[in-house]
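Trainee: Fold the following, please.
(2 chains)
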2 protein chains.
Amino acid sequence: MQQFDTVILGGGPGGLAVAYGLHAQGQRVAVVEKDLWGGTCPNRGCDPKKILMAAVEAQARSATLQSHGLNGVPQLDWPALMAKKRAYTSMIPGGTESGLKSAEIAHFHAAARFNADGSVQAGKDQLKATNVVIATGQAPRLPHIAGQEWLRTSNDFLDLDHLPDDVTFMGAGYVGVELATIANAAGRQVHLVHHSDRPLRAFDADLVQDLMSRLKAAGIDVQLMTDIVKVEPDGDEYRVTTKSGASWTTGMVFASAGRLPVIADLGLDQVNVATTTHGITVNDHLQTTNPHIFAIGDVVDRPQPKLTPVAGYEGRYVVTALTATDAVDPIHYPAIPSVVYGKSQLAQIGVTPEQAQRDSQTYRVNDLDLTHWFSYQRIEDPKARIKVVIERASGRIVGAAVLSMEAEQVINYLAFVIQQKLDSVAINQSILAYPTLASDLTYFN
Amino acid sequence: MQQFDTVILGGGPGGLAVAYGLHAQGQRVAVVEKDLWGGTCPNRGCDPKKILMAAVEAQARSATLQSHGLNGVPQLDWPALMAKKRAYTSMIPGGTESGLKSAEIAHFHAAARFNADGSVQAGKDQLKATNVVIATGQAPRLPHIAGQEWLRTSNDFLDLDHLPDDVTFMGAGYVGVELATIANAAGRQVHLVHHSDRPLRAFDADLVQDLMSRLKAAGIDVQLMTDIVKVEPDGDEYRVTTKSGASWTTGMVFASAGRLPVIADLGLDQVNVATTTHGITVNDHLQTTNPHIFAIGDVVDRPQPKLTPVAGYEGRYVVTALTATDAVDPIHYPAIPSVVYGKSQLAQIGVTPEQAQRDSQTYRVNDLDLTHWFSYQRIEDPKARIKVVIERASGRIVGAAVLSMEAEQVINYLAFVIQQKLDSVAINQSILAYPTLASDLTYFN
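Mentor: You can find the predicted model right below:
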């Protein structure tokens, strides 16, 4: 039995933020990770995806300018791209672990499970702590269909030696759309199948439709309102069949229909931690139904998007909660930007245009086609559009949805505008480099 | 004789900001422009330059990823690039003029000159006004050397039907460096000659040296501490000779050694408006030595960088000054970002690292090599570096100099941080899209 102040389950961005934060405050902490040190984001999430996207973006930047100043479109080289990705990801688990070592933070590479006495079993080690923080994240969901065993996941895609000539994605959430975009940019035939007519459900429907048009124009076979019901081997390939009766052979089928909280083996029932199908139930202090157990990041059942910076933010909150001498305010989130990366990026922050339309007394929406604005015209962005949500009373921007080749930058500028509650006077009194994406801000409200 | 409240000399971004601003406040205004409606920025400055840069940037984004996921580097196609540029610039003068027409703002396409009675002669029209605002900008300086008549300027470069195989730039200020970068990216042999050892004098010396290394590595013949003293025709080409005795033949020689205020023909002596070699003398209300005459933008002798958004800012200030009923505070500028665009961009804002070093009691400098940070590694940026200036007492970022392929974005994020006086707590309480250039901000101080 080893005694700690706080034991953290999960060595990803959320768990590590808690571990380092509490350690810096003098707590004795231990981190338990059963899989790769570093967690999803750097090993098989945001970072490797964005490495692959670097090539996709560079190709797209050249492609739009063909006959407008450039000749020649570079081709994606899958083995080279994967080698580059691995040069990065191969360093993550070891680097993360040696970081913990040199900080002298106790860490256990084992599956964690609560014992009935509230202690944590980490392999052969039994860890006792005043508080436990669960940060075990999510993992890809494998849908229950005939031939489920032939399905691959985003984890596989991001570490694939050979990308077949024809690939199929089951589910057009952000994982499906991003990976389909990469495979398409690599010159593969891509099928993207989604059960409803609302791919990327959390994003603005009109802008999603614009993005889907871009994907189709790039040659992706987008199939909505249907679902894959069967996958069976067919020689070296697979035959997929949809609910609507369509059928084709494809080199690989990737399940990209959502992710599930990693909670099944934690023994949560032993310690009275309640869960839903969406994850661990927490109050607005990130406390589970067991007051000594907290949960943060992707594993929690909360409406905030499951994003690395949100996990870090929650991690820092828990550090404060577990070290403060006085009572701590409930967690309060700023407006949170989300981005679907790709040749065209789709981004969103704050009050959505849909929410604004439902409360048109409070908000108005500026729907601007940016395609012919200078910043987009100069790079021949095929389609750039923003919906800006403005609070009527204050005139302030409180939300936005953006589609463009550089939406990630625009949404981050708007994050400053919204989070700092800047009004149009403040924006006008800024001087920004010109002509840039940021200098357009003046014209958004 | 026509009577106005305010007559504005110059139909560029500064003058137009004043014209539209005063017009909106009910003033009777007139604008006089002798050259192209719209002024330097959209016709032969920032905008056309950034159109050409779109191809340079796209090429660079592909070039750095060769053998790291991409095969093939697109080539610049000069005639196509120029056609694209002209499709944009050809619309500017007409569009600007019809804008004035539909707003019913009086405008005169003529050279302006003060009469002794203070009225403005615009060709055959005599304009009388309570106040006059001078916004005539700057034009390229032609150095006095043997063969001056053979020199071309940035105006010529930005509208060149044929870009010769070998071109020479005289002066490595931002115009010289940017145009040399474009010509080099177009596959031309480029010579860049600068009189001192401090090209881009306003920027951080270390980062300039890093940039010069990048230019040399790209094949540009950078010659410092010398100057071109003679240009003479040599067949279809030109022979240039430098002070140090070097000599070569080249297809064209561009004077890129600074710009001069456009004031010679305004008759300023008639109306007691004092000038220096740097432009029109103004007080901190942008008033010239004649209290009824104001000056804004590039034509003024002020320490602020000569940039389009600065002219706009000054224009809006003068609108306030000329319409306020009470006394107006002196003009106060926020920290102003400047960018040298190119394959690698060099950007700066606020307190410079050099100023910080001179006052090390007040400031400290964080010199960070970003090359191996994720955001730069994923695009294989060959050299990324930032010097962050931090005010010791407050811990706040108050200035920065950045070199990277995407410095324009980073400097605009820092503009928000600096202008809004955000501290590290505020930055930490932001949630920004990850992993992006903006999400790095947390680690800068």
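Trainee: Going by C-alpha atoms from here, please, whenever you check contacts or count neighbours.
Mentor: Fine.
Trainee: residue closest to the middle of chain A?
Mentor: Centroid-nearest residue in chain A, with Cα atoms, centre = their mean: residue A:307, separated by 4.8 Å.
Trainee: That one reaches residue A:298, doesn't it?
Mentor: Yes: look at residue A:307 against residue A:298 with Cα atoms under 8 Å: they come within range, at 7.3 Å.
Trainee: List the backbone torsions phi and psi for whichever residue of the stretch 151-300 of chain A sits closest to chain B.
Mentor: Closest residue of the stretch 151-300 of chain A to chain B, Cα to the nearest Cα: residue A:186 (9.6 Å). Main-chain torsions, residue A:186, degrees, to the nearest 10: phi -80, psi 10.
Trainee: Show me the beta-bridge partners of the nearest residue to it once chain neighbours are set aside.
Mentor: Nearest residue to residue A:186, sequence neighbours excluded (Cα to Cα, 6 or more residues apart in numbering or on different chains): residue A:76, at 5.0 Å. For residue A:76, the beta-bridge partners under DSSP bridges are residue B:70.
Trainee: Make sure residue A:265 is indeed in a strand.
Mentor: No: under DSSP: H, G, I helix; E, B strand; the rest coil, residue A:265 sits outside any strand and is assigned coil.
Trainee: Contacts only, for it.
Mentor: A:112, A:113 (Cα atoms under 8 Å, 6 or more residues apart in numbering or on different chains).
Trainee: Now residue A:143, what are its backbone angles?
Mentor: Dihedral pair for residue A:143: phi -70, psi 150, per degrees, to the nearest 10.
Trainee: Just the helices from chain A, written as ranges.
Mentor: Using DSSP state H, the helices found in chain A span residues A:13-24, A:40-44, A:46-63, A:78-89, A:92-102, A:154-157, A:174-185, A:205-217, A:308-323, A:353-358, A:374-377, A:407-419, A:424-428.
Trainee: May I see the ones you listed organised as CSV, with distance to residue A:264, mean neighbour count and mean pLDDT added?
Mentor: Shown next, in CSV, are those (distance: least, Cα to Cα, whole Å; neighbours: other Cα atoms under 10 Å in any protein chain shown; pLDDT from 0 to 100):
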stretch, distance to residue A:264, mean neighbour count, mean pLDDT
helix A:13-24, 18, 24, 98
helix A:40-44, 18, 21, 97
helix A:46-63, 24, 24, 98
helix A:78-89, 27, 18, 98
helix A:92-102, 23, 15, 98
helix A:154-157, 19, 16, 97
helix A:174-185, 23, 24, 98
helix A:205-217, 34, 17, 98
helix A:308-323, 20, 22, 97
helix A:353-358, 35, 16, 98
helix A:374-377, 47, 20, 97
helix A:407-419, 35, 24, 97
helix A:424-428, 49, 15, 92
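Trainee: JSON lines for these, including distance to residue A:236?
Mentor: Output for those, formatted as JSON lines (distance: least, Cα to Cα, whole Å):
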{"stretch": "helix A:13-24", "distance to residue A:236": "39"}
{"stretch": "helix A:40-44", "distance to residue A:236": "26"}
{"stretch": "helix A:46-63", "distance to residue A:236": "26"}
{"stretch": "helix A:78-89", "distance to residue A:236": "20"}
{"stretch": "helix A:92-102", "distance to residue A:236": "33"}
{"stretch": "helix A:154-157", "distance to residue A:236": "18"}
{"stretch": "helix A:174-185", "distance to residue A:236": "19"}
{"stretch": "helix A:205-217", "distance to residue A:236": "27"}
{"stretch": "helix A:308-323", "distance to residue A:236": "37"}
{"stretch": "helix A:353-358", "distance to residue A:236": "45"}
{"stretch": "helix A:374-377", "distance to residue A:236": "44"}
{"stretch": "helix A:407-419", "distance to residue A:236": "39"}
{"stretch": "helix A:424-428", "distance to residue A:236": "58"}
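Trainee: The closest residue to residue A:222 other than its chain neighbours: neighbour count?
Mentor: With Cα to Cα, 6+ apart as the criterion, residue A:222 has its nearest non-adjacent residue at 4.8 Å, and that residue is residue A:192. Neighbours of residue A:192 under the rule other Cα atoms under 10 Å in any protein chain shown: 26.
Trainee: and residue A:192, what pLDDT?
Mentor: Looking at residue A:192, its pLDDT reads 98.
Trainee: residues from the stretch 201-350 of chain A in reach of chain B?
Mentor: Within the stretch 201-350 of chain A, the residues that sit near chain B (Cα under 8 Å from any Cα of the partner chain) are A:308, A:309, A:310, A:313, A:334, A:335, A:336, A:337, A:338, A:339.
Trainee: run the last query once more with 6 Å
Mentor: By the rule Cα under 6 Å from any Cα of the partner chain, the part of the stretch 201-350 of chain A lying against chain B is A:336, A:337.
Trainee: And the strands in the stretch 201-350 of chain A, which stretches?
Mentor: For the stretch 201-350 of chain A, the strands defined by DSSP state E, counting those that start in this stretch occupy A:221-223, A:228-234, A:237-242, A:247-250, A:252-255, A:259-261, A:275-276, A:279-280, A:293-295, A:338-340, A:345-350.
Trainee: Tabulate the ones you listed (CSV), appending distance to residue B:344, mean neighbour count and mean pLDDT.
Mentor: Putting the strands of the stretch 201-350 of chain A into CSV (distance: least, Cα to Cα, whole Å; neighbours: other Cα under 10 Å; pLDDT from 0 to 100) gives the following:
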stretch, distance to residue B:344, mean neighbour count, mean pLDDT
strand A:221-223, 38, 17, 98
strand A:228-234, 47, 18, 98
strand A:237-242, 45, 19, 98
strand A:247-250, 42, 17, 98
strand A:252-255, 38, 24, 98
strand A:259-261, 39, 19, 96
strand A:275-276, 50, 14, 98
strand A:279-280, 45, 23, 98
strand A:293-295, 43, 26, 98
strand A:338-340, 26, 22, 98
strand A:345-350, 23, 26, 98
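Trainee: any chance of those strands in a markdown table, with distance to residue B:330 too?
Mentor: Output for those, formatted as a markdown table (distance: least, Cα to Cα, whole Å):
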| stretch | distance to residue B:330 |
| --- | --- |
| strand A:221-223 | 59 |
| strand A:228-234 | 68 |
| strand A:237-242 | 70 |
| strand A:247-250 | 70 |
| strand A:252-255 | 63 |
| strand A:259-261 | 58 |
| strand A:275-276 | 61 |
| strand A:279-280 | 57 |
| strand A:293-295 | 54 |
| strand A:338-340 | 42 |
| strand A:345-350 | 37 |
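Trainee: Pull the residues that contact stretch A:98-107.
Mentor: Identification of contacts with stretch A:98-107 by Cα atoms under 6 Å, 6 or more residues apart in numbering or on different chains yields A:30, A:31, A:32.
Trainee: and of the residues you listed, the nearest to chain B?
Mentor: Of all the contacts of stretch A:98-107, residue A:31 has the smallest distance to chain B: 23.4 Å, by Cα to the nearest Cα.
Trainee: Which strand residues bridge that closest one?
Mentor: Beta-bridge partners of residue A:31, as defined by DSSP bridges: residue A:8, residue A:107.
Trainee: For it, give me its contacts.
Mentor: For residue A:31, the contacting residues are A:7, A:8, A:9, A:107, by Cα under 6 Å, 6+ apart.
Trainee: Surely the third one and residue A:134 touch.
Mentor: Yes: judged on Cα atoms under 6 Å, residue A:9 makes contact with residue A:134 at a distance of 4.9 Å.
Trainee: which of those two has more neighbours?
Mentor: residue A:9 (30 against 24).
Trainee: so how far is residue A:111 from the more buried one?
Mentor: 9 Å (Cα to Cα, to the nearest Å).
Trainee: quick revisit: tell me the most packed of the contacts of residue A:31, by neighbour count.
Mentor: residue A:9 (30 neighbours).
Trainee: who's in contact with that one?
Mentor: A:31, A:32, A:134, A:135 are the contacts of residue A:9 under Cα under 6 Å, 6+ apart.
Trainee: mind giving me the domain split of chain A?
Mentor: Annotated domains of chain A cover A:2-140+A:260-323, A:148-257, A:338-443 [automatic domain parsing].
Trainee: Next, the distance between the ends of the shortest one.
Mentor: So the one you mean is domain A:338-443. Per Cα to Cα, domain A:338-443 runs 22 Å from first to last residue.
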